[in-house]
Every structure is written in structure tokens, then in C-alpha cells.
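> Quick check, what structure comes out for this input:
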Amino acid sequence: MTRIAVISLGGTIASTGEDGSSGVTPRLSGEDLVQAAPQLRAIGDIETVEFRKVPSGDLTFSDMVALAQLIEGLFERGVGGVVVTQGTDTMEETSFAIDVLVRDPRPVVFTGAMRNPTTLGADGLSNLVGAARVAASRDAIGVGTLVVFNDEIHAARFVRKSHTSSTATFQSPNCGPLGWIIEDRVRFVARVSQLAPIGEITGEIPEVALLTMTLGDDARLVSQVRDAGYAGAVIEGFGGGHVPARAVAALAALASQVPVVLASRTKSGELLKGTYGFAGSERDLLSRGLVSAGSLDALKARVLLSLILSSTNVVDEAVSVFRAVVDSIWSLAPDVGR
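Modelled structure (predicted):
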């Protein structure tokens, strides 16, 4: 049987309360979750690893680097697949960070819950069993980090949390799920390849600012990014990648000092490259040194840029690596597991 490691980080899937009045907090261990799901015994040889026990909003980039190292170590010891359980609030970011950091082709699958174990219709154990099935599947080899939720299989690079409370919160607007789970069968209908490498993480993860352009924005926050000590910035522009004309000078000045990535606040679709020509259009901004996020939304672009800036502080090199990863996002994978 495939050896599967379940790494627990806390979150709703592990949250209970001492009474009915004070709310739930992460209390359950990974072993508690595994013991509550006897179906796991038929899927693989399960071991559990306690990593964190926190709400996912308390996780950091340092945690992600340490988690990636833990996962690589488990693979070196012969584990065939990894399941990570955590809170859903930051799962679209943490799963993508691991997608960038872990180079081993064996499956890494994130899951969690929208309904805690004290509620009717709690979804955590079902998601955990589904994630284990995917982690044990040979078809999941070589497609990068995955998120399994509500019997759907999503690529970490595409997935986002789309609803505050629905059990179907995780969606991939640009392509839909890569597959699904039906009864006990794992079905992939699309495959992508692993992302291009970013280089070795050599130190602390530098801070990258995330700013959203809004109606009437005068760009005063843009001019403060460097003074506040940020090593780069991601700008959520309007539509296909636009900003007010009054913001152009500040963005161009910032891009001459640090990497500045342009994304869309729509959070789906792909950034335009050459359609519009007005001041503040995508053509104008890209010509002034801003870097396209491609099909990445701003949250994932920030994760990627932050990790790259830990491996190099040379602006041109960081931009080149960023573009290489963006270009690899849609690369199709061979049928490695078949």
C-alpha cells in the first residue's frame, strides 16, 4: 500500500470548542482526524505529522519554507504521497507556495473543511478521505500541488476560495477542476506540468506589497512602498490590467527600483498585453517596466514574487525567473502515472 503522510496545520477541520458559547478553535491533532476516518486504512499506510495547530491566517512564509522542507524529507524517506490539512482562509496561497517550493513529482494534496466537526454536515472527514485517495493515485504524479475539496481536484496554481461559507467554495475560474472523485475512483480529465524552478531559498522572505487600484485612486500608497521597506509590489489593476492615468508616474518610478507585477483585480482571465494604448493601459504599464502576472491572480503573484526575492535580490534576475514560472503555468504534463 502507498505510504501517505497526513500533515496537520490546524484550521476549521481541526476546530472544536469546550462549550457552545465561546466559539471553536483548532484543537484536534492529525491523529484525531485519521482515527475518525477508518476508510483511510483501505487507501494507504497512513502516518501523521503535527506541524502547526493554528488558524490559517496565522501561517507565514517561513512556515511554508519549513513545510516544504518537511515534505521533501518525507519523500526522501519513501512516502508516496502527502496530504496537508489546514484552514481554508489562506489555502489558495499556501498550496501555491508549496507548488513553487517542492520539486518532487509525488503528490502533495491540500484539504480542509468549511464546516467544523461540531456542526451538522461537517465536511472535513469526507475531504480528508478524498485527498488521501488522490495522494495515493499514480495519476496525481507530476501535476504539481493539488487542492481536493467537495470531491473536486483543483490545481493549486488556479484555485481560489470564492465563498465565505459554502462547502463548494474552492473554484478554478480559468479552467475548472483537473478532475474529481466518484465513489472511490480518482478521475483526472486534465493535466498540467510542474512549475519552472525558482532557485534556492537563501534567507528570510522579503515583504511584497499588494495594492488594489480603485475608482479615483491617486496612487499615494504606491509612492510609499519603498519608504515602508517593501522589496517589491503587486498591483491589482482594473480589468485587463489598467490603472488611472494619475498613477502611472508613481508606478513607473517604483518599477525602476523594485520588481512591480501587474495583475487584474477581476481574479480570473489572463492579463492583456497589447490591446489598449491609453495612459495607464496594459501596453503603457508593461512598457514602463511593470511585469505581467499572466493568468496568476494578485494573491498568487505576491506569493511567487516573495519567494523569488528570497532566492535573488537582483531585480532583472527576479523578473526573469518570475516570467519563466508564469510561462510554465499552462504547460501540459505527460501521463506520468499511466
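> Which stretches in the stretch 201-338 of the chain count as helices?
Listed in chain order, the helices of the stretch 201-338 of the chain (DSSP state H, counting those that start in this stretch) span 248-255, 282-287, 298-311, 315-328.
> Any chance of those helices in JSON lines with distance to residue 173 as columns?
(C-beta placed from N, C-alpha, C; glycine too.) Listed next are the helices of the stretch 201-338 of the chain as JSON lines, based on distance: least, Cβ to Cβ, whole Å:
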{"stretch": "helix 248-255", "distance to residue 173": "26"}
{"stretch": "helix 282-287", "distance to residue 173": "19"}
{"stretch": "helix 298-311", "distance to residue 173": "13"}
{"stretch": "helix 315-328", "distance to residue 173": "17"}
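> Switch those over to a markdown table; also include mean neighbour count and mean pLDDT.
What follows is these, written out as a markdown table (neighbours: other Cβ atoms under 10 Å; pLDDT from 0 to 100):
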| stretch | mean neighbour count | mean pLDDT |
| --- | --- | --- |
| helix 248-255 | 20 | 97 |
| helix 282-287 | 20 | 98 |
| helix 298-311 | 24 | 97 |
| helix 315-328 | 18 | 96 |
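> Out of these, the one nearest residue 132 is which?
Residue 132 sits nearest to helix 298-311 of all those, at 25.4 Å, using Cβ to Cβ.
> list the contacts for residue 196?
Residues near residue 196 by Cβ atoms under 8 Å, 6 or more residues apart in numbering: 321, 324-325, 327-328.
> let's see 7 Å
324-325, 328 (Cβ atoms under 7 Å, 6 or more residues apart in numbering).
> Figure out which of the helices of the stretch 201-338 of the chain is closest to residue 115.
With respect to residue 115, and counting by Cβ to Cβ, the nearest of the helices of the stretch 201-338 of the chain is helix 298-311 at 23.7 Å.
> Check the offset of the closest one from the chain's centre.
With Cα atoms, centre = their mean, to the nearest Å as the basis, helix 298-311 stands 11 Å off its chain's centre.
> Can you list the neighbours in contact with that helix?
With Cβ under 7 Å, 6+ apart as the criterion, helix 298-311 contacts 61, 92-93, 96-97, 100-101, 157, 198-206, 208, 210, 231-232, 234, 236, 259, 261, 263, 293, 296, 318, 321-322, 325.
> If any of these are buried, put those into a PyMOL selection.
The buried residues among the contacts of helix 298-311 can be selected in PyMOL (16 or more other Cβ atoms under 10 Å) with this line:
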select buried, resi 61+92+93+96+97+100+101+157+198+201+205+206+208+210+231+232+234+236+259+261+263+293+296+318+321+322+325
